[in-house]
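J.: can't give you the sequence, but here's the structure:
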């Protein structure tokens, strides 16, 4: 087994035990990228030299028996190209920022480096991670003619293709969870506001959230610890203690394809068989407007956050983004903000009756074609509710492609949700 | 009269009419800075050469009868040193960032330059504009032994001292309005979320707001137009149409000194004499917790936004800021966020009964000493409610120092509030 297929947790353990060198791991990832990148196109920039240098430094620390740099000592990671990096270009997939350098690390990159992570490169993104932006050239590793989803296209594809064990993404609509579902990886969007966005291109202030991709729940849990994302100490439920699961079709169930309907049913069946108590959770009628509210907030806030580009370089913004910048009435924006804010504690209370809520991650398998990144209809409401979401792979659709299920919790229950996810992930991955 | 004492609106009109050159205006400002800066210490960096170059470029455009750059054509402005500038150091008054350059303009600076503004330099700030941060060395131009307030200390002082007609500040607690009150200038904090914070050092995601200082309401209204901060078109009330004013002591009235109590009474008297209908507005008991909620939100969010510094350079953060980074329970944070969100539409509705609400801007005159920047007790609640606030000077206390009154409106009523402020400002400035 080549080192590039290891999870971050496994690799970190081997490096700590002196059984694996970071340089070997990084070279395995770079080899995989060299072989697959011409097809997958997950990377905006790869910094082989810088990554190898950082890996050798990590190995030197290890060889000298010095204190490890941190829990990600020598572990390679990909960074979505809307997140600033001091030593690599940051271009946001925008014509305006061709060759652009931020000259400084985003807060998230500082935290990753301080934990010992090795930055492999910047992953492809939809322009500014924004609705209507230019799409990434990335193909879905499971079928290159299909989208990997977006806007975190490159990060999800790179992890799915074992080019890196972990990667950073962001979500304003469904940009973390949908690509995770399409690519068959674990994707985690923590509670809104728990991770700094300093140095990340801003889109919608009330929605933007930074999160992570990995191939195991353990790895996103490791990242959550690195970022100090934790909730109050609570008992971590396990199946032997009878897991209580709410199954939520969401108000948008009609948009789900047959494979998503089947996946939710299968998840319920497996959970029940394993001894969990699965109860349908129907959201009240007032939740139905959340996706529309999310779009209102996203467009109105996007207009504010892109005003500088509109003033300085209007011709270099994609027509789709420009279109979304039409003024939205403040009355409508206020209503959207206030109704969402009122529903947050309502959902927290509903979720509090369960150890986790399961819901569709996407309408179905990844659609054919790279021109669209798919539909965020099963993501926007959770983003607006600020709740933690984690996509779990394992189930597949009629084309044999991944169909994810997401676990959702109340705000600030991230650590508990990750504990439950570990159990549920095993059930979904089980071969039947 | 020297050009540096002109308002931005007057100077812009004269430049447009060919009666004033931007270079003359900028030189007058630089002369004033040269004369007064050793005492006032408002500036972290002054870019005389860059400002004169930009001014000459603006003058060339004007001389060629070309289209003006924008509504701030050739107008000098100061930028708080938590806002990134491409051509000037950005140091946040932090040991970590000595000599730091962002290499890029913050969105607000891009918008100002696109409007024709000339960046004179960076103004002194409290470290990271954060609670507990190292204070600015700036003195209050009215009495150099007193604080100008903070954290936008340099911007307020520079405008008050006629070093620049306008300046950029930010507010997370009371960092725009309190310095405006202490220094006797107009300060405007627009509705939360109406101005991009891209490139501004983040502190508390739910609270941080960028705003402006000037010596007239017309000037902050001009800046609000430049930044596209506007509400639904509404009739602009004038006194002849009977202005309806709510007088709000806030739940913190006991913290006001005699001069603030007298100033609110005097404002009410002048408004009534001029024909306004002034009604006392008492906020319900649930509003009393807002300042405590504001501190909870500020500290919890500050902890997230400073985590990178805590990881990379913990010894170089001021002890005061480090102290504020102790973990706050997520239950308490959620309660604070939710109760604030629930009260926003309640206050909007209360404010909707009036053309504007008047309230204290600060407990009293600027306190003696530069070690503390004063108390934000009359600001935090409005910041957390996300409502627009404008400090109006004119009244004074027992030491002859400025005592401001702020006008507050419902969210997104910025343009209407500015229209009312124009009338009220005249009444407060009238000699009696």
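T.: Yes, it's here. This structure is a prediction, so every number in the text was calculated from the model and none was measured.
J.: Now for chain A, the helix or strand with the poorest mean pLDDT.
T.: Using mean pLDDT, DSSP states H and E, the weakest-scoring helix or strand in chain A turns out to be helix A:319-324, at a mean of 93.
J.: by contact count, what packs against that one?
T.: helix A:290-305 (3 or more CB pairs under 8 Å, 6 or more residues apart in numbering or on different chains; DSSP states H and E). (Each C-beta comes from the backbone N, C-alpha and C, glycine too.)
J.: picking that back up, what residues does the least confident helix or strand of chain A touch?
T.: For helix A:319-324, the external contacting residues (CB atoms under 8 Å, 6 or more residues apart in numbering or on different chains) are A:127-128, A:130-134, A:298-299, A:302-303, A:306, A:310, A:314.
J.: Quick one, which of those residues are buried?
T.: Buried by 16 or more other CB atoms under 10 Å in any protein chain shown: A:127-128, A:130-134, A:298-299, A:302-303, A:306, A:310, out of the contacts of helix A:319-324.
J.: where are the low-confidence patches of chain A?
T.: Chain A contains residues with pLDDT under 70 at A:232-238.
J.: try it again with 90
T.: Scanning chain A for pLDDT under 90 picks out A:1, A:65-68, A:230-241, A:325-327, A:430-432.
J.: Which parts of chain A are strands?
T.: Using DSSP state E, the strands found in chain A span residues A:43-46, A:76-80, A:118-123, A:166-171, A:186-189, A:209-214, A:244-247, A:277-280, A:356-360, A:389-396, A:402-408.
J.: For chain B, which of these is the nearest?
T.: Among the strands of chain A, strand A:209-214 comes nearest to chain B, with 10.8 Å by CB to the nearest CB.
J.: Export the strands of chain A to JSON lines and append columns for distance to residue B:61 and mean neighbour count.
T.: What follows is these, written out as JSON lines (distance: least, CB to CB, whole Å; neighbours: other CB atoms under 10 Å in any protein chain shown):
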{"stretch": "strand A:43-46", "distance to residue B:61": "38", "mean neighbour count": "21"}
{"stretch": "strand A:76-80", "distance to residue B:61": "40", "mean neighbour count": "31"}
{"stretch": "strand A:118-123", "distance to residue B:61": "38", "mean neighbour count": "28"}
{"stretch": "strand A:166-171", "distance to residue B:61": "40", "mean neighbour count": "29"}
{"stretch": "strand A:186-189", "distance to residue B:61": "48", "mean neighbour count": "30"}
{"stretch": "strand A:209-214", "distance to residue B:61": "42", "mean neighbour count": "28"}
{"stretch": "strand A:244-247", "distance to residue B:61": "63", "mean neighbour count": "19"}
{"stretch": "strand A:277-280", "distance to residue B:61": "67", "mean neighbour count": "13"}
{"stretch": "strand A:356-360", "distance to residue B:61": "56", "mean neighbour count": "27"}
{"stretch": "strand A:389-396", "distance to residue B:61": "51", "mean neighbour count": "25"}
{"stretch": "strand A:402-408", "distance to residue B:61": "55", "mean neighbour count": "28"}
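J.: Tabulate these in CSV, adding columns for distance to chain B.
T.: Shown next, in CSV, are these (distance: least, CB to the nearest CB, whole Å):
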stretch, distance to chain B
strand A:43-46, 18
strand A:76-80, 14
strand A:118-123, 15
strand A:166-171, 14
strand A:186-189, 15
strand A:209-214, 11
strand A:244-247, 20
strand A:277-280, 24
strand A:356-360, 17
strand A:389-396, 17
strand A:402-408, 16
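J.: now these in TSV, with distance to residue B:163?
T.: Shown next, in TSV, are these (distance: least, CB to CB, whole Å):
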stretch	distance to residue B:163
strand A:43-46	44
strand A:76-80	42
strand A:118-123	42
strand A:166-171	40
strand A:186-189	46
strand A:209-214	40
strand A:244-247	61
strand A:277-280	66
strand A:356-360	57
strand A:389-396	50
strand A:402-408	53
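J.: Surely residue A:316 touches residue A:95?
T.: Yes. The pair residue A:316 / residue A:95 is scored as a contact, 4.4 Å apart, by CB atoms under 8 Å.
J.: hang on, the earlier thing: pipe the contacts of helix A:319-324 into JSON lines and attach distance to residue B:269 per row.
T.: Output for those, formatted as JSON lines (distance: CB to CB, whole Å):
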{"residue": "A:127", "distance to residue B:269": "57"}
{"residue": "A:128", "distance to residue B:269": "52"}
{"residue": "A:130", "distance to residue B:269": "52"}
{"residue": "A:131", "distance to residue B:269": "52"}
{"residue": "A:132", "distance to residue B:269": "54"}
{"residue": "A:133", "distance to residue B:269": "56"}
{"residue": "A:134", "distance to residue B:269": "60"}
{"residue": "A:298", "distance to residue B:269": "47"}
{"residue": "A:299", "distance to residue B:269": "46"}
{"residue": "A:302", "distance to residue B:269": "46"}
{"residue": "A:303", "distance to residue B:269": "42"}
{"residue": "A:306", "distance to residue B:269": "46"}
{"residue": "A:310", "distance to residue B:269": "46"}
{"residue": "A:314", "distance to residue B:269": "50"}
